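K.L.:
3D model of this:
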Amino acid sequence: MIRCENLSKKYDDKTWGLCEATLEISDGTMVAIIGRSGSGKTTLMNLIGSLDSPTTGSIIVDGNNLSIMTQKEAANYRLNKIGFVFQTFYLEPKYTVYENVEMPLLIAGISRRERQERVYSVLSQVDMQHKAMNYGNNLSGGEKQRICIARALVNNANIILADEPCGNLDSETGSVIMKLLRDLTNVGKTVLLVTHNADDASIADRRIIVKDGRVSDFDK
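P.N.:
As a prediction, this is how the structure comes out:
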């Protein structure tokens, strides 16, 4: 369970990224966060992902208050609880697919044998195990995003934060990626999708709209 209470983020005296947002997100659901550019939707995702800290209010994830975490605790939270999928793939071009997916496990200090098992398991989930020794430059956009999803899953993260994951993809490839993300809820993952795309948002269990930093349920 993710619970945000009176969550606000102020960047300067005049600019609020988020204003007193209160919401709950149930485990194992897909939630689309929609809104115009600059509305605050990415700010909300960054706060839940502990990439940023709130000015006021609190974020409780599985009973843990992110708002009072130390930097080390926040880093461990991101490493073990959160999987990030971005519009820009952020794959290291000099690394193989296997090495790109393996990277979070190296940071976590996982043994070589377990790393190998986990990497091939998540590559199989996204149907990319046959590309394990390829380099990023030799992959299509859709293949790169599959690798990013595998990397997000490799540390057994319970929450997947996807920020415009289909923004650089054609509609057909984007549909495949969205199905992959949608299917993650079938194994208990919580998926938060930041998107401008109404078709992508329509497959979510719930849609949240962010407008001028304020949050409300789109479907109410």
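K.L.:
Which residues are in contact with the residue positioned nearest the centre of the chain?
P.N.:
Centrality entry for the chain: nearest residue to the mean C-alpha point is Leu161, 1.5 Å, by C-alpha atoms, centre = their mean. Neighbouring residues of Leu161 by C-beta atoms under 8 Å, 6 or more residues apart in numbering: Met45, Ile48, Gly49, Ile82, Gly83, Phe84, Val85, Leu192, Val194. (Glycine included, C-beta is placed from N, CA and C.)
K.L.:
can I assume the last one is in contact with Ser37?
P.N.:
To tie it back to what came earlier, the one meant is Val194. No. Using C-beta atoms under 8 Å as the test, Val194 is too far from Ser37 to be in contact (11.1 Å).
K.L.:
Of those two, which one has the most company?
P.N.:
Neighbours per residue, other C-beta atoms under 10 Å: of Val194 and Ser37, the larger number sits with Val194, 27 against 7.
K.L.:
what residues are up against that one?
P.N.:
Val194 neighbours (C-beta under 8 Å, 6+ apart): Ile33, Ile34, Lys41, Thr42, Met45, Leu161, Ala162, Asp163, Glu164.
K.L.:
switch to 7 Å and redo it
P.N.:
Listed by C-beta atoms under 7 Å, 6 or more residues apart in numbering, the contact set of Val194 reads Ile33, Lys41, Thr42, Met45, Ala162, Asp163, Glu164.
K.L.:
Just the ones of those residues in strands?
P.N.:
Per DSSP state E, strands hold the following members of those: Ile33, Ala162, Asp163.
K.L.:
Assign the nearest residue to the last one once chain neighbours are set aside to helix, strand or coil.
P.N.:
Distances taken as C-beta to C-beta, 6 or more residues apart in numbering place Val194 nearest to Asp163, at 4.6 Å, with adjacent residues excluded. Three states are possible here, and by DSSP: H, G, I helix; E, B strand; the rest coil the one that applies to Val194 is strand.
K.L.:
And the one 5 residues further on, by the same measure?
P.N.:
In three-state terms, and counting by three-state DSSP, Asp199 is helix.
K.L.:
how close does it sit to Glu143?
P.N.:
Separation of Asp199 from Glu143 (C-beta to C-beta, to the nearest Å) stands at 22 Å.
K.L.:
With Met133 instead?
P.N.:
Distance from Met133 to Glu143, by C-beta to C-beta: 13 Å.
K.L.:
Settle it for me: which of these two has more neighbours?
P.N.:
Glu143 (19 against 9).
K.L.:
Name the secondary structure element that contains that one.
P.N.:
helix 141-153 (DSSP states H and E).
K.L.:
Check Glu92 too.
P.N.:
Using DSSP H and E, Glu92 falls outside every helix and strand.
K.L.:
Let me know the closest of the contacts of Val194 to Ser58.
P.N.:
Met45 (16.6 Å; C-beta to C-beta).
K.L.:
pLDDT value on that closest one, please?
P.N.:
Looking at Met45, its pLDDT is 91.
K.L.:
Report the contact partners of it.
P.N.:
Ile33, Leu161, Asp163, Leu192, Val194.
K.L.:
again, only this time at 6 Å
P.N.:
Contacts for Met45 (C-beta atoms under 6 Å, 6 or more residues apart in numbering) come out as Leu161, Asp163, Val194.
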